[in-house]
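Peer 1: how would this look folded up:
(3 chains)
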Amino acid sequence: MKNFVSVKDVKDINALVQEALAYKADPYKDINLGTRRRIGMLFLNPSMRTRLSTQVAAQQLGMEAVVFNVGSEGWALEFEEEAIMSGNTVEHVKDAAPIMGKYFDILCIRTFPSLKNRDDDYSELYINQFIKYAGIPVVSLESATLHPLQSLTDIITMTEVLSQSPKPQGKPKVVLTWAPHVKPLPQCVANSFAQWVNAWGQAEFVIAHPEDYELDTQFTQGATITHDQEEALRDADFVYVKNWSTFHDYGKIYCNDPSWMLTNEKLRVSRNAKVMHCLPVRRNVELSDEILDSTNSLVTTQAGNRVWAAQAVLANLLRSK
Amino acid sequence: MKNFVSVKDVKDINALVQEALAYKADPYKDINLGTRRRIGMLFLNPSMRTRLSTQVAAQQLGMEAVVFNVGSEGWALEFEEEAIMSGNTVEHVKDAAPIMGKYFDILCIRTFPSLKNRDDDYSELYINQFIKYAGIPVVSLESATLHPLQSLTDIITMTEVLSQSPKPQGKPKVVLTWAPHVKPLPQCVANSFAQWVNAWGQAEFVIAHPEDYELDTQFTQGATITHDQEEALRDADFVYVKNWSTFHDYGKIYCNDPSWMLTNEKLRVSRNAKVMHCLPVRRNVELSDEILDSTNSLVTTQAGNRVWAAQAVLANLLRSK
Amino acid sequence: MKNFVSVKDVKDINALVQEALAYKADPYKDINLGTRRRIGMLFLNPSMRTRLSTQVAAQQLGMEAVVFNVGSEGWALEFEEEAIMSGNTVEHVKDAAPIMGKYFDILCIRTFPSLKNRDDDYSELYINQFIKYAGIPVVSLESATLHPLQSLTDIITMTEVLSQSPKPQGKPKVVLTWAPHVKPLPQCVANSFAQWVNAWGQAEFVIAHPEDYELDTQFTQGATITHDQEEALRDADFVYVKNWSTFHDYGKIYCNDPSWMLTNEKLRVSRNAKVMHCLPVRRNVELSDEILDSTNSLVTTQAGNRVWAAQAVLANLLRSK
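Peer 2: Numbering: from 1, shown residues only, chains lettered A, B, ... in the order given. Sure thing, here's the model as predicted:
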């Protein structure tokens, strides 16, 4: 593995999942792997779970993790080539990134989409410029269009649940269902989950959303897409709940129909499905309290598994150097 | 000890004080106690001494300390049960706290009162919700109504001074005296000092304040309360200076009489009393320069002792697991 | 070395440079030197390179580094003696600094000039008050008028380049040239570079700037000063590019002539000079892309060398205790 910014960086998803589960069983088994190695964690946008789980993962590999909040603690960065920097940005990524490459062994970056200009966001300019100029492995802590550490966590969590359950006949049915929200959110988690589940290939995969919420087909191709949530939930084994804003007329909220909120009532047609969400979740808007507080909810397990996903990725990058 | 949020969590105050003083004598004697243990430090409000001293204490126990500024670095949290989260809060403590429990071994939290709604503040909803949902020991880095690490430090400091002085006849006289300030402050430090000195039981304890500044009797019960500062200071061995806003007509400044500022002149009736303050202190408003710069002042000693208080508490929690 | 706030704290510049280069060759050779020692890093102003490089340096000496952003994370500090603190400042440096001295072994501070009152800025009140009251060694991470870690880095970088080049006849020619910028900047880097190059004494040193941009002669004395950039650049071996605001009519931008931007065209009269800048740099305002992206640019090397400068300074202070 050279970088970790999408599923395309992973040769064997199941092997990576097993490495993560091995860390869960024995967190400190590679405590010497990261000795005298450092990760720099650059936050162009805020983060809680991703930040904390990656710090924990690094510590468990014996690495130092240095956190830097760009903007609040530092500089506004410029990403455009040949910019005449007489405006608000004070440093070009061409100058900042190579320095990160001198201070750190691995660079982790969090950046969000603008949700204003789709072409810009989907070009992933920010993270790609860091990859181009840093000269060290780059790990996405969520980018403009993808959230690969979250998706790896999700595959880990489903693998774990499946290994503890009686083997189902055929592939498990995994449903990604859109949920209402109060503001326009990125498509990252949905894109990334779709990309990973499709690449994993071990599920019957259905995506349900209202009209106008189609995702980019480069990520969804291979999934069954429907506007009928009930039909999607029928016989589901895993239901992943997530809001996203529109992709085509970019970054908008069209319908925000509260009837898309997932409830126990709706889950009745499923095979007692496990419910997933990347958090943070707006309770009683995206998901009802009754589901989140039930034993069907995997959300805390998922968040806990973030550590093992990050640890497996960091370990892979350390071993690849 | 299961948590550390008030004096009620402590079985034997003097034993805890002695543990702290043992760390002061030999800071690294338990450097292996915290190996592979982590504290998470969540700041819903800013902090300097408490944050730094707790980080230092954790390091001296061999623990990793991870700092997270909620709000500036992360999310606005929801604390109300059954909230429909369509407003400004983006994550419920029910979802956030269990994750802290997965990432850390001990959770330290700083939160302030609103000073607007007394019932809400005095219910200690925030810290109690973290205790309810985190599943790991919780340490208060100051809460809405109490500041137990400060109070433990204060008892440590008085114990230390008493052990170095000729034994006084009878109990030492400890005076908590209100001081002027420029804005309404929480009652935390005063409440907590009163609660600890009363539980300690080794002092003649007097609280002096202007009319209308009565504290909650659940904390002050056992102390002599007076509005006559001079009478209170007579024969005092320790004078603790602190401003607080009104408790009954909640969070207000009534009288802000500058004559309540402590000066050397006023201290003449004391037994050459040592002067204490939790810091930060508004010089020449709460306390005169002449006192703070004199050898009677214990404020730097107190602030230094914060490390040993935190270290004794963390060590206790580690040993109780 | 007792503190590190200017070149005056350094007995032997070349020896310090050689120590830094020894760390560059073997970063972990003194990994046990800082065991159980801690640096506190206080940022009254933001920082990226200085902060990260000092954290890295501390880690490589086995020290713990604790970062604290004053203001955003903590308190507004008061620096005036005898202040009646009824305004916005909440803690006096007389109270805050000794506590840093209790928590840490070395205190690193970043503070900027106001650019409004020259006497105040040039008195270096902030850092001097910390030195006066902290009771432990103080390291400047840039102060109101100087940036000694940057200047040490610059001497290290020139020494390194010279050792890899054929020995020039006579002293190398070092030029500090003013550059345009979009806002008024401190004189720190320019002052400090001038102070160090003069103290180093191993260069023919020329400073070029437009009229009205004279620096304080206490730092420039010994250098040749000219308003003719082309003349200055002739036969130059090193060209240090930096903007600064006016010193005499303090903190202003007079001429902001874009023709002072350094380009390859202008460099033709030099001896294929290496180009230096402390970063962050406004591309195509201070320096053209063509220079920054060329092999003549040392800016990334300089930024990387910040680690070794900080490590040599911290090691010296640890050894002096």
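Peer 1: run a quick neighbour tally on the nearest residue to A:Val5 once chain neighbours are set aside.
Peer 2: Leaving out its chain neighbours, the residue that sits closest to A:Val5 by Cβ to Cβ, 6 or more residues apart in numbering or on different chains is A:Ser140, at 4.3 Å. (Each C-beta comes from the backbone N, C-alpha and C, glycine too.) Around A:Ser140 sit 29 other residues, with neighbours defined as other Cβ atoms under 10 Å in any protein chain shown.
Peer 1: A:Pro148 is in contact with A:Ser140, correct?
Peer 2: Yes - taking contacts as Cβ atoms under 8 Å, A:Ser140 lies within contact range of A:Pro148: 5.6 Å.
Peer 1: for the residue nearest to A:Val5, give the beta-bridge partners.
Peer 2: A:Ile109 (DSSP bridges).
Peer 1: which residues do A:Ser140 and A:Pro148 both contact?
Peer 2: Applying Cβ atoms under 8 Å, 6 or more residues apart in numbering or on different chains, one finds that A:Ser140 and A:Pro148 are jointly contacted by A:4-6.
Peer 1: take the residues you listed and keep only those in helices.
Peer 2: Of the shared contacts of A:Ser140 and A:Pro148, none are assigned to helices by DSSP state H.
Peer 1: whichever of those end up buried, select them in PyMOL.
Peer 2: Selecting only the buried entries of the shared contacts of A:Ser140 and A:Pro148 in PyMOL, with 16 or more other Cβ atoms under 10 Å in any protein chain shown as the criterion:
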select buried, chain A and resi 4+5+6
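Peer 1: adding pLDDT, write the shared contacts of A:Ser140 and A:Pro148 out as TSV.
Peer 2: Below are those laid out as TSV (pLDDT from 0 to 100):
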residue	pLDDT
A:Phe4	98
A:Val5	98
A:Ser6	98
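Peer 1: and the shared contacts of A:Ser140 and A:Pro148, which is closest to B:Glu230?
Peer 2: Nearest to B:Glu230 among the shared contacts of A:Ser140 and A:Pro148, counting by Cβ to Cβ, is A:Phe4 at 69.3 Å.
Peer 1: pull the residues that contact stretch A:270-278.
Peer 2: Applying Cβ under 8 Å, 6+ apart, the contact partners of stretch A:270-278 are A:147, A:150, A:154, A:157-158, A:161, A:168, A:173, A:175, A:189, A:233-242, A:262, A:267, A:286-287, A:291-292, A:294, A:296-299, A:302.
Peer 1: okay, now A:Glu78: neighbour count?
Peer 2: A:Glu78 has 23 neighbouring residues, counting by other Cβ under 10 Å.
Peer 1: ramachandran angles for it?
Peer 2: The phi/psi pair for A:Glu78 (degrees, to the nearest 10) reads phi -100, psi 140.
Peer 1: if it is in a bridge, with which residues?
Peer 2: Counting by DSSP bridges, A:Glu78 forms beta bridges with A:His92.
Peer 1: count the residues that sit near the residue of the stretch 151-300 of chain A found nearest chain C.
Peer 2: Closest to chain C within the stretch 151-300 of chain A is A:Pro280: 22.7 Å, counting by Cβ to the nearest Cβ. Applying other Cβ under 10 Å, we find 23 residues neighbouring A:Pro280.
Peer 1: am I right that A:Ala199 sits in a helix?
Peer 2: Yes - if the criterion is DSSP: H, G, I helix; E, B strand; the rest coil, then A:Ala199 is within a helix.
Peer 1: how about the residues of chain A by chain B?
Peer 2: Residues of chain A lying close to chain B by Cβ under 8 Å from any Cβ of the partner chain are A:27-28, A:43, A:46-49, A:51-53, A:55-56, A:59, A:69, A:72, A:182, A:279-285, A:289, A:292-293, A:299-300, A:303-304, A:307.
Peer 1: what about stretch A:243-250, how long is it end to end?
Peer 2: 14 Å (Cα to Cα, to the nearest Å).
Peer 1: do the same with stretch A:213-222
Peer 2: Taking Cα to Cα as the measure, stretch A:213-222 stretches 17 Å from start to finish.
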